[in-house]
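K.L.:
here is a sequence together with a model predicted from it:
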Amino acid sequence: MLRLNEIRRHPGATKKRKRLGRGAGSGHGPTAGKGDKGQLARSGGTSRPGFEGGQMPLYRRIPKRGFKNIQRRTNAILNLCDLEKFDPAQMTEISLESLTKANKIKGRYDRLTILGTGELKKAFQVKAHRISPSAQEKIVKAGGKFELLPIPGNKPVKKAAARAE
């Protein structure tokens, strides 16, 4: 049986650290393994990541394409055939929060869009940011209700008052 006082490391599992600049007899003496001259022998003598000795670096040789919009909003898109798979006893309300909490959609989404592909026979209360007209019709026909939520981040547009001249 193994005892705590008998536990040893495997041979070769640990190494002594390299003690630099500790005399000529150590093998890593006066220059501490850095050689005699040059940039790498100096303190702070390293070049930045990606530097290729003055050659045009790879990240500048490769063509840059496209555009990454950091204000991008992502839509979770569900069809009515996807809603048909859900159990109305467990999920009476279909919303972005309830779908995320029930692990029906994975990932980060800002908006929920319901499209009308497929048939719906179960009654759900749907709260979404966009619902297609055909989906609205089928939800009401199945005995459910829908509510259009305001799209987050959109500010209401104020129309300028027409001037009477």
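P.N.:
Alright, I've got the coordinates.
K.L.:
mind listing what's buried in the helix ranked longest in the chain?
P.N.:
In terms of residue count, the longest helix belonging to the chain (DSSP state H) is helix 133-141. Within helix 133-141, the residues that count as buried by 16 or more other CB atoms under 10 Å are 135-136, 138-139. Heads up, the C-betas are built off the backbone N, CA and C, glycines and all.
K.L.:
in the residues you listed, find the pair that's most separated.
P.N.:
136 and 138 (7.5 Å; CB to CB).
K.L.:
joint contacts of those two?
P.N.:
Common neighbours of residue 136 and residue 138, counting by CB atoms under 8 Å, 6 or more residues apart in numbering, are residue 116.
K.L.:
quick check: phi and psi at residue 94.
P.N.:
Note on residue 94: its backbone torsions stand at phi -100, psi 110 [degrees, to the nearest 10].
K.L.:
give me the neighbour count for it.
P.N.:
Residue 94: 24 surrounding residues under other CB atoms under 10 Å.
K.L.:
identify the bridge partners of it.
P.N.:
Legend: beta-bridge partners of residue 94 under DSSP bridges are residue 126.
K.L.:
thinking again about what came up before, the longest helix of the chain - contacts with which helices or strands?
P.N.:
Here helix 133-141 touches helix 80-83, strand 111-115, strand 145-148, going by 3 or more CB pairs under 8 Å, 6 or more residues apart in numbering; DSSP states H and E.
K.L.:
can you give the contact residues for that helix?
P.N.:
The contact list for helix 133-141 (CB under 8 Å, 6+ apart) reads 80, 114-116, 119-120, 124, 126, 131, 145-146.
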